[in-house]
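K.L.:
Predicted model and sequence below, questions to follow.
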Amino acid sequence: MELNRRKMLVLGTAGAAVTAFGALPAFASATEDAIAKFTGGADVGEGGVELTAPEIAENGNTVPIEVSAPGAVAISVFADGNPTPAVATFKFGPLAASQFASTRIRLAGTQNVIAVAEMEDGSYKQASANVKVTIGGCGG
């Protein structure tokens, strides 16, 4: 097989695509591992957590989110498409007026943002939102 510039370009592009798309399941596994580390492997239920995030973010460098979970002692936020999925953890003491936090996070691209709350009774609840990013934030 004779390699010319065109064939090398096609092979290089195909290799880059395989490398890029082959890493996506690794991010999902990393997110599951990070959530399991936060929960100690406990089951996570739905409901009881409210996550507010934009449906479309024009810039992945500053995506505003709000999270609240009445009765929570801690809330952790994860982004399943980021190289490091754990984004933030908020802890609430017994004198906290409310279990609410807002911040801006960086997203590498279109992905799910997941909020997991540890409740006072030791159970875990979660909520998620899909955010479409038009300009990447983590090296994109």
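P.N.:
Cool, the structure landed.
K.L.:
rest of the way, CA atoms for contacts and neighbours
P.N.:
Fine.
K.L.:
Please report how far the residue nearest in space to the middle of the chain lies from residue 130.
P.N.:
Against the mean C-alpha coordinate of the chain, by Cα atoms, centre = their mean, the closest residue is residue 79 at 0.7 Å. For residue 79, the distance to residue 130 under the criterion Cα to Cα, to the nearest Å works out to 10 Å.
K.L.:
what touches both of these two?
P.N.:
Common contacts of residue 79 and residue 130, defined by Cα atoms under 8 Å, 6 or more residues apart in numbering, comprise 111-113.
K.L.:
where do the strands sit along this structure?
P.N.:
Ranges of strands in the chain, per DSSP state E, are 44-46, 50-52, 56-57, 63-68, 72-79, 86-91, 100-105, 111-119, 124-133.
K.L.:
Now that we have the ones you listed, can you turn them into TSV and tack on distance to residue 30 and mean pLDDT?
P.N.:
Converted to TSV, the strands of the chain look like this (distance: least, Cα to Cα, whole Å; pLDDT from 0 to 100):
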stretch	distance to residue 30	mean pLDDT
strand 44-46	17	94
strand 50-52	21	97
strand 56-57	23	94
strand 63-68	21	97
strand 72-79	10	97
strand 86-91	9	96
strand 100-105	18	96
strand 111-119	13	97
strand 124-133	16	96
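K.L.:
who's the residue lying closest to residue 118 once chain neighbours are set aside bridged to?
P.N.:
On the basis of Cα to Cα, 6 or more residues apart in numbering, the spatially nearest residue to residue 118 that is not a chain neighbour turns out to be residue 124, at 4.7 Å. Residue 124 has these beta-bridge partners by DSSP bridges: residue 44, residue 118.
K.L.:
Please list all residues in contact with residue 124.
P.N.:
Going by Cα under 8 Å, 6+ apart, the list of residues near residue 124 reads 39, 42-45, 116-118.
K.L.:
one more time with 7 Å, if that's ok
P.N.:
Contacts were defined as Cα atoms under 7 Å, 6 or more residues apart in numbering; by that measure residue 124 touches 43-45, 116-118.
K.L.:
Quick check: residue 127 touching residue 52?
P.N.:
No - under the contact definition of Cα atoms under 7 Å, residue 127 does not touch residue 52, with a separation of 9.5 Å.
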